[in-house]
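Novice: I'd like to go over a predicted model; first the sequence, then the structure.
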Amino acid sequence: DAMVIQNPRYQVTQFGKPVTLSCSQTLNHNVMYWYQQKSSQAPKLLFHYYDKDFNNEADTPDNFQSRRPNTSFCFLDIRSPGLGDAAMYLCATSRDRRQTQYFGPGTRLLVL
Amino acid sequence: KQEVTQIPAALSVPEGENLVLNCSFTDSAIYNLQWFRQDPGKGLTSLLLIQSSQREQTSGRLNASLDKSSGRSTLYIAASQPGDSATYLCAVFSGNTGKLIFGQGTTLQVKP
């Protein structure tokens, strides 16, 4: 049974057209993370939610926003995607900070 | 600033061989360390988490060790199989936020 679900698996958008990626979890974990992974690179943390508290990484561009309306769901909004935002976006959850993180299958974003 | 390095970047072995993947980190004041597997175009699968107070952790044919003082972790894979072919990533937990700092990964190919 899938524990961390990401939709869609593939997303094609146009340069500058807003896009929203979705993540849901059935684990009832407190923490949800969004990572960006570009081709042949390591995943890089964009931000995370500890319960309702939003924590942004210092080097995350303002173009990236996130929402967590409830425990189960978290969204990644890219307000004006550029060509450099094409990447795999990975959602992860953990029961608490510094505990095992469980990743979803990822959403591959293509910007035309 | 914590940096994580994995050597070698790629490894090819015949089926049945035992092998060791290496991970080193610059700041020994880590909390936990987690090993992942990533198949091409897919998300990350958690393999093992070693807490900072532990020296090793085992799961099936996998054994991970941690030596904080020397800034090293190893992932030992026994009796490798073609299905083990994937990229293996190690990541250390940085600070209090649960942020994972990833290495670049070792891409393993096990030949039948």
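Specialist: In hand now; what should we look at? Numbering: from 1, shown residues only, chains lettered A, B, ... in the order given.
Novice: Centre-most residue in chain A?
Specialist: When chain A is reduced to its mean C-alpha position, the closest residue under C-alpha atoms, centre = their mean turns out to be A:W34, at 3.3 Å.
Novice: contacting residues around that residue?
Specialist: Residues counted as contacts of A:W34 (C-beta atoms under 8 Å, 6 or more residues apart in numbering or on different chains) are A:23, A:45-48, A:66, A:74, A:76, A:89-91. For the C-beta atoms, the positions are set from N, CA and C on the backbone; glycine is no exception.
Novice: now it: how far from A:L45?
Specialist: As for A:W34, its distance to A:L45 is 8 Å (criterion: C-beta to C-beta, to the nearest Å).
Novice: Can I get the helix or strand harbouring B:I50 in CSV, CA atoms only?
Specialist: With elements delineated by DSSP states H and E, B:I50 resides in strand B:44-51, which encompasses its position. Taking only C-alpha atoms (Å, rounded to 0.1, in the frame of the first residue of the first chain), the coordinates of strand B:44-51 have been written out as CSV:
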residue,chain,number,x,y,z
LEU,B,44,14.0,7.2,-2.9
THR,B,45,13.5,3.9,-1.0
SER,B,46,14.8,4.0,2.6
LEU,B,47,17.1,1.1,3.3
LEU,B,48,18.5,1.8,6.8
LEU,B,49,18.7,4.5,9.4
ILE,B,50,21.6,4.5,11.9
GLN,B,51,21.3,6.6,15.0
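Novice: Which positions in the helix or strand following it come out as buried?
Specialist: Scanning the chain past strand B:44-51 towards its C-terminal end, the next helix or strand to appear is strand B:56-59 (assignment: DSSP H and E). For strand B:56-59, the neighbour count (16 or more other C-beta atoms under 10 Å in any protein chain shown) marks B:Q57 as buried.
Novice: Just after strand B:56-59, pick out the following helix or strand.
Specialist: Past strand B:56-59, heading to the C-terminal end, the next element that is a helix or strand (DSSP H and E) is strand B:62-67.
Novice: which other helices and strands contact that following strand?
Specialist: Other helices and strands packing on strand B:62-67, by 3 or more C-beta pairs under 8 Å, 6 or more residues apart in numbering or on different chains; DSSP states H and E, are strand B:32-38, strand B:44-51, strand B:56-59, strand B:72-77.
Novice: Direction included, what does that strand pair against?
Specialist: The partner list of strand B:62-67 in its sheet, established with DSSP bridges, is strand B:56-59 (antiparallel), strand B:72-77 (antiparallel).
Novice: hang on, the earlier thing: not counting sequence-adjacent ones, nearest residue to the residue nearest to the centre of chain A?
Specialist: Spatial nearest neighbour of A:W34, excluding adjacent residues (C-beta to C-beta, 6 or more residues apart in numbering or on different chains): A:L46 at 4.6 Å.
Novice: For chain A, which segments count as helices?
Specialist: Residue ranges of helices cannot be listed for chain A, since DSSP state H assigns none.
Novice: quick one, strands of chain A?
Specialist: Shown for chain A, the strands assigned by DSSP state E span residues A:4-7, A:10-13, A:19-25, A:31-37, A:44-50, A:53-56, A:64-67, A:73-78, A:87-94, A:102-103, A:107-111.
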